[in-house]
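Enquirer: Got a predicted model here, sequence first, then my questions.
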Amino acid sequence: MNDGAALDHVLQRLDANLPEALERLKDFVRIPSVGTDPAHDADTRRAAEWLCAQLQDLGFEAAVRDTTGQPMVVGRSAPGGARSILFYGHYDVQPVDPLNLWDRDPFDAQVEDTPQGQVIRGRGACDDKGQLMTFVEAMRAWKEVHGAVPAGLILLFEGEEESGSPSLRPFLTENADELRASLALICDTSLYADGRPAITTQLRGLMGDEIVIRAADRDLHSGSFGGLAANPIQILANALAAMKDDQGRVTLPGFYDGVEELSNQLRADWDDLGFDASEFLSRVGLKDPVGEKGRTGLEMVWARPTFEINGISGGYAGEGFKTVLPAEARAKVSCRLVAGQNPDRVREALRDHVRRFVPADCTVEFHGHGNSGASRMDVSDPAFQAARAALSEEWGREAAYIGAGGSIPIGGDFQEILGMDSMLIGFGRDDDRIHSPNEKYNVESFAKGARSWARIMARLA
């Protein structure tokens, strides 16, 4: 059987297997693997064991591996193959609160008919159980046609992604020789708008800090002390306001060190996507873009660093009115970072900036909340073009290379610890309601996602 005929048989088998594949996905979603909640520790382990059994049925040498937190599932196929590939996903899910906003039991997964087509509804249906299972089902059909899954595969599934993956970096470090491959595949992202397939090639990093400024030893009467005593809210407001200039640029010294401009090719590719910033904002009740002057919308959300104020507190904010100078003020701030920036240097520049605004008789302290660098993938690897062609064939539209405004630290972890780039390919949609009540995953995304992985592996394996 030639390669093209074999792939056709795999795709046909996937189509035939879809009803059973959906039943397996429903069984998986029905396990309430809320990894952030100790009350669900037994359920989280049960999900890991369920996954391990699935991999063993497909011929993988698979095991549930304990960590200081939730377990990892590691599966390996026979050695060899055109190149070694690691596939990553996570089996833990977000909590379901607020429960009263769900239309059904979050863990009673069912297929529903909607105006947008059939969906599978339930917590984790998209993030990340449905996405993860697209690859598992592709490997199931592959084995049924070829007699075995591709050689040189490593599958790694974790149970703490929704709580910041505290066990992942130690696990990667301790097992680097076992897990290292030539390329990682990650299925935890989305299609671009209107169902266009995409490969995410760059991810922003994240640095978060909490600032606490204290002045007097108690709240003060504004009539007795106003105009004379330091007001920590005013100090904090002045420091935060000075973080940006009137062009929308961050003013911290050295903030843009290492930040590169888009290549002409990537700029042209992104322009071709036809992103409308005003239309995008209209979905959340806004219309006018802000930010750096002279930058396109996609540049600002995918390729430019940011400074944002996430929360401010201090003084009296209850009912009525109270004229006090507060003793303390707090702010939580974050910077989305791009490739070339050093998160530690950005954090220290931010803290130095705030310190310059604090009078000698006041104090400031800082509490770090997250510190991960950005990652950018080398698309000159032929695997990227092969995957792009495979996705384009399956979806009937040219696959796009895109960025991600959010942070997926695993991409950077694979680069730093295992020395390999990642292809982030996912089939979620903007309306999948991940992390929200009534989460869903389109059956089309599930079916065509599995077919996409079969096409990609046919080109890579």
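Expert: Looks like it arrived, so ask away. Predicted model only: the values in this text are computed from it and were never measured.
Enquirer: Tell me where the stretch 351-461 of the chain has strands.
Expert: In the stretch 351-461 of the chain, the strands defined using DSSP state E, counting those that start in this stretch lie at 363-372, 375-376, 400-404, 422-424, 440-442.
Enquirer: what pairs with the last one, and is each one parallel or antiparallel?
Expert: Strands that pair with strand 440-442, judged by DSSP bridges, come out as strand 117-121 (antiparallel).
Enquirer: For Ala138, the count of nearby residues, please.
Expert: 27 (other Cβ atoms under 10 Å). C-betas here are computed from N, CA, C, even on glycine.
Enquirer: For the strands of the stretch 351-461 of the chain, please prepare JSON lines with the additional fields distance to Asn310.
Expert: Converted to JSON lines, the strands of the stretch 351-461 of the chain look like this (distance: least, Cβ to Cβ, whole Å):
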{"stretch": "strand 363-372", "distance to Asn310": "9"}
{"stretch": "strand 375-376", "distance to Asn310": "23"}
{"stretch": "strand 400-404", "distance to Asn310": "19"}
{"stretch": "strand 422-424", "distance to Asn310": "25"}
{"stretch": "strand 440-442", "distance to Asn310": "28"}
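Enquirer: so which of those comes closest to Ser334?
Expert: strand 363-372 (7.6 Å; Cβ to Cβ).
Enquirer: I'd assumed Leu183 was in contact with Ile425.
Expert: No: using Cβ atoms under 8 Å, Ile425 is not in contact with Leu183, being 11.7 Å away.
Enquirer: one step back: of the strands of the stretch 351-461 of the chain, which stretch is the most buried?
Expert: Across the strands of the stretch 351-461 of the chain, averaging neighbours per residue (mean count of other Cβ atoms under 10 Å) puts strand 440-442 on top, at a mean of 27.
Enquirer: what's next to that strand, contact-wise?
Expert: 112, 114, 116-122, 125-126, 130-131, 428-429, 432-433 (Cβ atoms under 8 Å, 6 or more residues apart in numbering).
Enquirer: pLDDT averaged over it, what's the number?
Expert: Average pLDDT, strand 440-442: 98.
Enquirer: all helices of the stretch 201-350 of the chain, in order?
Expert: 222-225, 232-241, 264-271, 277-282, 297-298, 343-355 (DSSP state H, counting those that start in this stretch).
Enquirer: Just want the angle from the last one to helix 232-241.
Expert: I take that to be helix 343-355. Relative orientation of helix 343-355 versus helix 232-241 (axes from the mean of the first three to the mean of the last three Cα atoms, to 10 degrees): 130 degrees.
Enquirer: Next one: the most centrally placed residue in the chain relative to Glu416, how far apart?
Expert: For the chain, the residue nearest the mean C-alpha position is Ile408 (3.9 Å; Cα atoms, centre = their mean). Here the criterion is Cβ to Cβ, to the nearest Å. By it, Ile408 lies 14 Å from Glu416.
Enquirer: Can you name the residues that contact Ala181?
Expert: Ala181 makes contacts with 83-86, 152, 154, 418, 420, as judged by Cβ under 8 Å, 6+ apart.
Enquirer: Inside strands: which ones of those?
Expert: Mapping these onto strands (DSSP state E) picks out 85-86, 154.
Enquirer: between those, which is closest to Val73?
Expert: The closest of these, once distances to Val73 are taken by Cβ to Cβ, is Ile154, at 11.2 Å.
Enquirer: Would you confirm that that closest one contacts Ser182?
Expert: No: at 10.7 Å, Ile154 does not count as touching Ser182 under the criterion of Cβ under 8 Å.
Enquirer: Ok, which of the helices of the stretch 201-350 of the chain comes nearest Asp57?
Expert: Closest approach to Asp57 among the helices of the stretch 201-350 of the chain (Cβ to Cβ): helix 264-271, 40.7 Å.
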